[in-house]
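Student: Sequence and computational prediction follow.
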Amino acid sequence: MKTQVAIIGGGPSGLLLGQLLHRRGIETVVLERKTKDYVLSRIRAGVLEQGLVALMEEAGCATRLHAEGYAHDGTLLACGDQMFRIDFKALTGKPVMVYGQTEVTRDLYEAREKAGAAIDFNVEDVAIHGADTDAPYLTYSVDGAPKRLDCDFIAGCDGFHGVSRQAIPLEVRREYEKIYPFGWLGILSKTPPVNHELIYANSPRGFALCSMRNHSLSRYYIQCSLSDKPEDWTDDAFWQELKRRIPPDQAAQLVTGPSIEKSIAPLRSFVTEPMRWGRLFLCGDAAHIVPPTGAKGLNTAASDVHYLYNGLRDYYEKGSVMGIDTYSEKALARVWKAERFSWWFSSLMHRYPDQSAFDLKMQAAELAFLASNTSAQKAMAENYVGLPY
Ligand code: RFL
Ligand code: PHB
């Protein structure tokens, strides 16, 4: 089999890139290790920047997003009993969109199926060959049958645990990583959100986040120990702990109910450089991870897709290699800014096991500064709604 762009990974990065290229008449094949149902069962991101919304529009996949998504003009930050608001709309002129990653992915799958574009599920043993030559190809198997896919370019959109990053030789690859000494325990529940905006809370008992998917579906997280298992936490224990970490007036309003999903995610900052090796381009979580504080993971994947899509368009439509040659540099410049914001916001909002009394005072002073200083709020808001591409 032959295609123009072989895409490894049918998560949001791979599907969005595939759909954008398809709309420009550029042929792609997507290879996904899991089933569609499995990919759609992963509960992940919930907050979309305008840049991602614009890409979904360009991909022709934004109808449901506009009908069912919620524009949020601000967010709430709580510290103990105090709570203040960052007004995105007033500070930047832009809102963010609350619409689940699951729904983004569902819309992209639907569009790909409608377009009749190729996608292989349950692929095994994907291997990249000749990425540093003019004739790259992939080998893989489906149900034990060996397959080969020749292509012009390979997009490595296979997430943090994929094979694409590992295909870049060690002497070329540089990796930067920070592991945080805690995780996030998250639940999804069919209950109305406690507030119409998200609440990020720094409490003496640890971080908490009140988020949502829609008016009757809530997503809540609490900072937990890395050794905790989801089964250690009954629903009741989760709700009790959440109530202790958010301001009392919010806790009094919280509607609880059975969880329909419960999972623990570790927190990590990670970047690999470069994001391009020959004809292989890394996109999204395959190249970088942020801690979820600030909701930058999916959004940063989207900015990579933007740069790669435009680079590939310039190649196929104008014969120019400029866009693909500058892909890694452009993508990384924005990635590092998202890394900085996510690291800063995580450091501000969590309790660390080794935090000294001085460290705690610094955190409290920074929160007090943010609560009262418009310039600090503007910097936070500009990062949260998304830096320009
Ligand atoms: P994905 O979503 O991991 O998709 C990669 C796909 O590749 C497949 N794959 C392979 N396929 C073929 N061959 C192989 N060898 C393969 N290896 C892997 C996988 O099965 C998978 O389907 O990466 P992608 O597309 O780059 O998308 C990245 C986002 O999923 C991620 O950044 C976000 O979910 C991060 N994130 C958030 N991002 C936001 O922008 N806003 C948020 O509010 C937000 N909240 C979150 C999050 C991530 C979380 N977790 C669990 C890590 C909240 C959480 C709790
Ligand atoms: C979510 O709704 O899953 C979510 C929202 C904001 C974040 C992280 C996760 O910063």
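Tutor: It's in. Numbers count the residues shown, from 1 in each chain. Ligands and ions are numbered 1, 2, ... in the order given.
Student: and the end-to-end length of stretch 1-11?
Tutor: Length of stretch 1-11, first residue to last, C-alpha to C-alpha, to the nearest Å: 22 Å.
Student: So is it next to ligand 1?
Tutor: Yes: for stretch 1-11 and ligand 1, the contact criterion (C-beta under 6 Å from any ligand atom) is met by Ile8, Gly9, Gly10, Gly11. (Each C-beta comes from the backbone N, C-alpha and C, glycine too.)
Student: Go through those and name the one nearest ligand 1.
Tutor: Using C-beta to the nearest ligand atom, Gly11 comes nearest to ligand 1 of the residues of stretch 1-11 next to ligand 1, at 2.1 Å.
Student: Please list the residues of the protein that sit near ligand 2.
Tutor: The chain comes close to ligand 2 at residues Ala45, Gly46, Val47, Leu198, Leu209, Ser211, Arg219, Pro292, Thr293, Gly294, Ala295, as judged by C-beta under 6 Å from any ligand atom.
Student: May I ask which two of the residues you listed are separated the most?
Tutor: Across the residues of the chain next to ligand 2, the longest distance by C-beta to C-beta is 15.1 Å; it joins Arg219 and Gly294.
Student: Dump the residues of stretch 1-11 next to ligand 1 to CSV, plus secondary structure.
Tutor: Formatted as CSV, these follow (DSSP: H, G, I helix; E, B strand; the rest coil):
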residue, secondary structure
Ile8, strand
Gly9, coil
Gly10, coil
Gly11, coil
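Student: For these, pick the one with the most neighbours.
Tutor: Of all the residues of stretch 1-11 next to ligand 1, the highest neighbour tally under other C-beta atoms under 10 Å goes to Ile8, namely 30 neighbours.
Student: Mean confidence (pLDDT) on stretch 29-47, please.
Tutor: For stretch 29-47, mean pLDDT rounds to 92.
Student: Name the residues of that stretch that come out as buried.
Tutor: For stretch 29-47, the neighbour count (16 or more other C-beta atoms under 10 Å) marks 29-34, 36, 39, 43-47 as buried.
Student: Enumerate every residue touching the residue in the chain that ligand 2 sits nearest to.
Tutor: Nearest to ligand 2, among the residues of the chain, is Gly46, at 2.7 Å (C-beta to the nearest ligand atom). Residues in contact with Gly46 (C-beta atoms under 8 Å, 6 or more residues apart in numbering) are Val98, Tyr99, Gly100, Gln101, Ser211, Met212, Arg213, Arg219, Ala295.
Student: and which of those is nearest Phe160?
Tutor: In terms of C-beta to C-beta, no member of these lies closer to Phe160 than Gln101, at 14.9 Å.
Student: what's the distance between the closest one and Pro230?
Tutor: 19 Å (C-beta to C-beta, to the nearest Å).
Student: All set, thanks.
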